[in-house]
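>>> below: sequence and its predicted model.
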Amino acid sequence: MVITDPEWLRTAGPQLRQIYTYWRDRCRDGRPPRRTDIDPIDIPRLLSRLIIVDVVPDARRFVYRLVGTKEVEVRGFDPTGKSVAEGFIGPTREDALGWYELTVKTLQPQYDARPYVSTNGKWINDETLFLPLSDDGVTANRVLVFASNSPNNRKRG
């Protein structure tokens, strides 16, 4: 597998470019990094928006392992330990789960910058990056997620 810089990287916000570059630099032989390759000490300014989701072999499918403080604030609750189906923020459950499924299936970064009204009624105007993590280099066992306010997205209204 070859990880090439995607087209959207040119217009992504600075924090998203930073987390993507950090992730890419930790890829090994074209394979996604392991969770142990990601060290929070390296990216302290990004931690509040960082999410780690476990890929589990049961009906829950995706479970929040770690949710940064800014992400908890946006949701109005801490979804740590819950399935993404229960604790997602997005236009629909299917949309949220679809980004995780695509990330796991392709082992490639996925980028979403579409503004939306979330299920909690808040207008969300950010860009979100889904990054696969893989202990064996073949199967994604976690997804690293980063959301940031986007300077490139249009404002509501």
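That came through fine.
>>> tally of neighbours for Gly121?
When neighbours are counted by other C-beta atoms under 10 Å, Gly121 registers 7. (Glycine included, C-beta is placed from N, CA and C.)
>>> from the contact counts, what lies against the helix or strand bottoming out on mean pLDDT in the chain?
Least confident helix or strand, the chain: strand 123-124 with a mean of 74, by mean pLDDT, DSSP states H and E. In terms of contacts (3 or more C-beta pairs under 8 Å, 6 or more residues apart in numbering; DSSP states H and E), strand 123-124 is packed against strand 116-117.
>>> give me the mean pLDDT for the strand it packs on.
Mean pLDDT, computed over strand 116-117, is 76.
>>> quick one: residues in contact with that strand.
By C-beta atoms under 8 Å, 6 or more residues apart in numbering, the surrounding residues in contact with strand 116-117 are Gly90, Pro91, Trp123, Ile124.
>>> report the buried members of these.
Among the contacts of strand 116-117, those buried by neighbour count (16 or more other C-beta atoms under 10 Å) are Gly90, Ile124.
>>> columns distance to Asp112 on top of the contacts of strand 116-117, output as CSV?
Output for the contacts of strand 116-117, formatted as CSV (distance: C-beta to C-beta, whole Å):
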residue, distance to Asp112
Gly90, 9
Pro91, 10
Trp123, 15
Ile124, 10
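>>> show me the two of the contacts of strand 116-117 that sit farthest apart.
Spanning the widest gap among the contacts of strand 116-117 are Gly90 and Trp123, at 12.7 Å by C-beta to C-beta.
>>> re the thing from before, tell me the strands beside the least confident helix or strand of the chain, with direction?
Within its sheet, strand 123-124 is paired with strand 116-117 (antiparallel), according to DSSP bridges.
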